[in-house]
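Chemist: Please find the sequence and the predicted model below.
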Amino acid sequence: MKKRWQHCHAASMAGGRYSIIEDAALVTEGAHIVWIGPRAELPAGDYGETVDLGGAWLTPGLIDCHTHLVFGGDRSAEFEQRLEGVSYAEIAAAGGGIASTVRATREASEGELLTGALLRARQLLREGVTTLEVKSGYGLSLAAERKMLRVIRRLGELLPVTVRSTCLAAHALPPEFAGRADAYIDLVCAEILPQLASEGLVDAVDAFCEHLGFSPAQVERVFQCAGELGLPIKLHAEQLSSLHGSSLAARYGALSADHLEFMDESDAQAMAAAGSVAVLLPGAFYCLRETQLPPIDLLRRHGVAMAIASDLNPGTSPALSLRLMMNMACTLFRMTPEEALAGVTLHAAQALGLGHSHGSLEVGKVADFVAWDIARPAELAYWLGGELGKRVIRHAEELTDV
Ligand code: NIG
Ligand code: FE
C-alpha cells in the first residue's frame, strides 16, 4: 500500500550531502521510499493513507555505527580512579580496563547479557536510532565471542532496529594468552572468525590497533583472514598513538577506521583513496579527557566522509545518547551541525556498508525516518541530551512503543 507523508520539511541528505526540501512530501510503498520532493510537485494519484506530520522536520533514522553495548558488569569504579588521575593505560596495565569487562562478560549468562544490552539499546532507540552496530570483543574465546554475537543478533529480533554485528575478537589479549599475542591471533584467524562467520553471526570484522591492543602486523593477519571469509573490515586506529593503522585499514579497503585522534595526512590520503569512512567518537575523547583532537580539517580537505558514533562501552564511553555525541562533535571537534547530522545518517550508513539502502531519504531506500518537533535541523546537535518531541518511522510504519 502506498502512503503519503506530508506537512513537513526534510533534511534528506540526498545526493551524498546535507540537503534540504522545504514543504516536502514523501511517498512510501511497502518498506521503501518511492517518491520524495517538494509537496507542490507530488504527483496526483491514489494514496491508501495520508499522514499529516504537523510541520515536523524529517531526517533519516539515526544510525549509531560503533557501539560495544553488550557487556557484563560496569566500570564506574574506574571512572572514579580516572578522576583521581590514574590513566586508562595504567588501569589496563593493572588488569582493569577491557580485561575487567572480559571477566564480567565471560561470567554472565546469555540472558543476563541480553537484559543489559536491551536496556542500553532502548535508550538509543528512544532518540530516533533505527540502525545500530554492535561489536563483540569482551569474550575473547570462541564460546564467549559466540555468546556476545548471539545476543547482538537477538537485539535485532527483539527490537525495531536494524542491527549489524561486528566481530572484535582482536580487541585485547585474553589473560590465558598473556605474552603470546601471536598465538592468540592464530586462534582468531584459524578458529574464532571462520567458525563464527560460518554460523552467520558476523557482518564485519574489527580489531584494536594500539600498543594496548594489537600491532599493525597482527591486525594485518586478521584483515587477511576476514578477506578470505569475504567479510568487510573496520579498525580502532590512532586512538592513543600513531601506528598508521588507519592507512593499513584503507589498504585493505576498510569500511571505516575509527577514533583517529592521532592520524596524520598520509593516513587521511590513504582513507580518501580507499573511500573508508572516518568514524569519530567524541564520547571516548571526552571521557578520557584527551587533548589531541582528530584532525577534522585534514579529513575535510581530503574529502574523507566523517561519521559520529557513541562508542557506547563500559570503559571509555558510557554514552547513552547519540544526539549528545552530535553536540560534542560540534563543541569539542568543531564540526558543523550539518556535518554532525551527516555523521549519524549518511556517513554512518556508509561506515556499515549500508550506503545503498540507508542513511538518506531517497527513492529506493528504506523508509526509516524521524519526524522531529524542531524549528531547525541544527537543534538536533544543539540540545544536550534530553528527549525531543518526535515520531519515529521504521520501514514506513510509525513506532508506537520502543
Ligand atoms: O572503542 N579502544 C578500544 N575499545 C573501546 C574501549 C573498550 C573498553 O575500554 O572497554 C573503545 O574505546
Ligand atoms: Fe570502540
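Modeler: Perfect, I can see it now. Ligands and ions are numbered 1, 2, ... in the order given.

Chemist: how about whichever strand or helix holds L196: buried residues?
Modeler: Using DSSP states H and E, L196 sits in helix 193-198. By 16 or more other CB atoms under 10 Å, the buried positions in helix 193-198 come out as 193, 196-197. Backbone N, C-alpha and C define where each C-beta goes, glycine included.

Chemist: mind checking pLDDT for whichever residue of the stretch 51-200 of the chain sits closest to ligand 1?
Modeler: Nearest to ligand 1 in the stretch 51-200 of the chain, going by CB to the nearest ligand atom, is I98, at a distance of 4.5 Å. Predicted confidence (pLDDT) for I98: 95.

Chemist: Show me how far the helix holding L196 is from its chain's centre.
Modeler: Centroid displacement of helix 193-198 relative to its chain, using CA atoms, centre = their mean, to the nearest Å, is 22 Å.

Chemist: Alpha carbons of the helix or strand just after that helix, as PDB, please.
Modeler: Per DSSP H and E, the first helix or strand lying C-terminal to helix 193-198 is strand 204-209. Provided in PDB are the C-alpha atoms of strand 204-209 (Å, rounded to 0.1, in the frame of the first residue of the first chain):
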ATOM      1  CA  ALA A 204      32.100  -7.300   9.700                       C
ATOM      2  CA  VAL A 205      35.400  -7.700  11.400                       C
ATOM      3  CA  ASP A 206      37.200  -5.200  13.600                       C
ATOM      4  CA  ALA A 207      40.400  -5.000  15.700                       C
ATOM      5  CA  PHE A 208      42.100  -2.700  18.100                       C
ATOM      6  CA  CYS A 209      45.400  -1.500  16.700                       C
END
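
Chemist: Does ligand 1 have contacts with strand 204-209?
Modeler: Yes - for a cut-off given as CB under 6 Å from any ligand atom, strand 204-209 has contacts with ligand 1, namely F208.

Chemist: who's in contact with that strand?
Modeler: When contacts are defined by CB atoms under 8 Å, 6 or more residues apart in numbering, strand 204-209 is touched by residues 133, 135, 137, 164-168, 170-172, 193, 213-216, 218-219, 222-223, 225-226, 229, 231-237, 243, 245, 248-249, 255, 352-353.

Chemist: Report the entries of these that also contact ligand 1.
Modeler: Contacts with ligand 1 within these, as defined by CB under 6 Å from any ligand atom: H236.

Chemist: Can you list which of the contacts of strand 204-209 are found in strands?
Modeler: Per DSSP state E, strands hold the following members of the contacts of strand 204-209: 133, 135, 164-168, 170, 234-237.

Chemist: Close to ligand 1: what parts of this structure are there?
Modeler: Residues of the chain lying close to ligand 1 (CB under 6 Å from any ligand atom) are 68, 97-98, 101, 208, 236, 239, 284, 311, 313-317.

Chemist: L255 reaches L235, doesn't it?
Modeler: No - using CB atoms under 8 Å, L255 is not in contact with L235, being 9.5 Å away.

Chemist: These two - which one has more neighbours?
Modeler: Neighbours per residue (other CB atoms under 10 Å) separate L255 from L235, with L235 holding more: 31 against 25.

Chemist: So what pairs up with that one in the strands?
Modeler: L235 has these beta-bridge partners by DSSP bridges: A257.

Chemist: list the contacts for it?
Modeler: By CB under 8 Å, 6+ apart, the contact set of L235 is 206-207, 209, 219, 245-246, 248-249, 254, 256-258.

Chemist: how near is whichever residue of the chain sits closest to ligand 1 to G213?
Modeler: Relative to ligand 1, the nearest point of the chain is G315 (2.6 Å; CB to the nearest ligand atom). In this view, G315 and G213 are 13 Å apart by CB to CB, to the nearest Å.

Chemist: Can you give me the neighbour number for D401?
Modeler: Residues within reach of D401, counting by other CB under 10 Å, total 4.

Chemist: no, scratch that, I was asking about S357
Modeler: By the criterion of other CB under 10 Å, S357 has 15 neighbours.

Chemist: secondary structure element for it?
Modeler: Per DSSP H and E: nothing holds S357, as it lies in no helix or strand.

Chemist: Model confidence for it, exactly?
Modeler: Note on S357: pLDDT of 98.

Chemist: for L298, same thing?
Modeler: 98.

Chemist: cool, and the one 10 residues further on?
Modeler: Predicted confidence (pLDDT) for I308: 98.

Chemist: could you say what helices and strands the helix holding L196 packs with?
Modeler: Helix 193-198 sits against helix 142-158, strand 162-170, helix 216-229, with contacts defined as 3 or more CB pairs under 8 Å, 6 or more residues apart in numbering; DSSP states H and E.

Chemist: Next secondary structure after the biggest strand by length in the chain?
Modeler: For the chain, the longest strand by residue count, based on DSSP E, is strand 49-60. Elements were assigned by DSSP H and E; along the chain past strand 49-60, the next helix or strand is strand 62-64.

Chemist: how many other residues sit next to R376?
Modeler: Neighbour count of R376, defined by other CB under 10 Å: 12.

Chemist: picking up where we left off before, most neighbours among the residues of the chain next to ligand 1, which one is it?
Modeler: Compared across those, H236 has the highest neighbour count, 31 neighbours, by other CB under 10 Å.

Chemist: mind checking the SS state of the residue lying closest to G55 once chain neighbours are set aside?
Modeler: Spatial nearest neighbour of G55, chain neighbours left out: H7 (6.0 Å); criterion: CB to CB, 6 or more residues apart in numbering. For H7, the assignment made with DSSP: H, G, I helix; E, B strand; the rest coil gives strand.

Chemist: and H7, what does it touch?
Modeler: By CB under 8 Å, 6+ apart, the residues touching H7 are 52-56.

Chemist: Relative to L399, how far out is it?
Modeler: Shown here: H7 relative to L399, a distance of 19 Å by CB to CB.
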